[in-house]
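>>> need coordinates for the below:
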Amino acid sequence: MKMHQALGQGKNLFTGYGEGHVLINAERHDGNLIVTPDSVQPWGVADFSSLAESHFNMLLDLQPELVLFGSGASLRFFHPRLMAALVNAGIGVDVMDTQAACRTFNILMAEDRRVVAAILAI
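Residues are numbered from 1 along each chain as shown. I've put the predicted structure just below:
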């Protein structure tokens, strides 16, 4: 699916998504990703069942105010202990399917929020 394209100045926007990939500023990225308004990097998670505390703890270094977790094609919730370090640091965590996480990221980023998207491929 292609999303409305309104590229921000030097900011990452999700402009589309499909099976196994997302488009960021119209550039295709395959696999699982960590996306901030300023960076895109692979997320070393094999799949939903392999999520571990370390996968979420690494997000602390990015100093977000909110982490959006895109769980793939459907909404899936992980065990709360996986996000304990984020919550203890006062960082919000919102879980949604990947499509919703992409759309929500764009809105929050446009509001100049310090948002990070942890995305599992659809």
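>>> when you work out contacts or count neighbours from here on, use the C-alpha atoms and nothing else.
Fine.
>>> any chance you could list what contacts the helix or strand harbouring residue 41?
Assigned by DSSP states H and E, residue 41 falls within strand 40-42. Strand 40-42 is contacted from outside by 31, 32, 33, 34, 35, using Cα atoms under 8 Å, 6 or more residues apart in numbering.
>>> check stretch 99-116 too.
For stretch 99-116, the external contacting residues (Cα under 8 Å, 6+ apart) are 8, 13-14, 17, 34-37, 62-70, 72-73, 95, 117, 119, 122.
>>> before we move on, back to that, centre of the chain to the strand holding residue 41, how far?
Centroid separation between strand 40-42 and its chain, computed with Cα atoms, centre = their mean, to the nearest Å, is 10 Å.
>>> pull out the buried residues from the helix or strand that that strand is followed by.
Next helix or strand after strand 40-42 toward the C-terminus (DSSP H and E): helix 53-57. Within helix 53-57, the residues scored as buried using 16 or more other Cα atoms under 10 Å are residue 56.
>>> and helix 53-57, what does it pack against?
helix 84-88 (3 or more Cα pairs under 8 Å, 6 or more residues apart in numbering; DSSP states H and E).
>>> pull the residues that contact the helix it packs on.
56, 57, 59, 60, 92, 93.
>>> switch to 7 Å and redo it
57, 60 (Cα atoms under 7 Å, 6 or more residues apart in numbering).
>>> whatever helix or strand comes next after that helix pairs with which strands, parallel or anti?
Sequence-wise, the next helix or strand downstream of helix 84-88 (DSSP H and E) is strand 92-96. When sheet partners are counted by DSSP bridges, strand 92-96 sits next to strand 66-70 (parallel).
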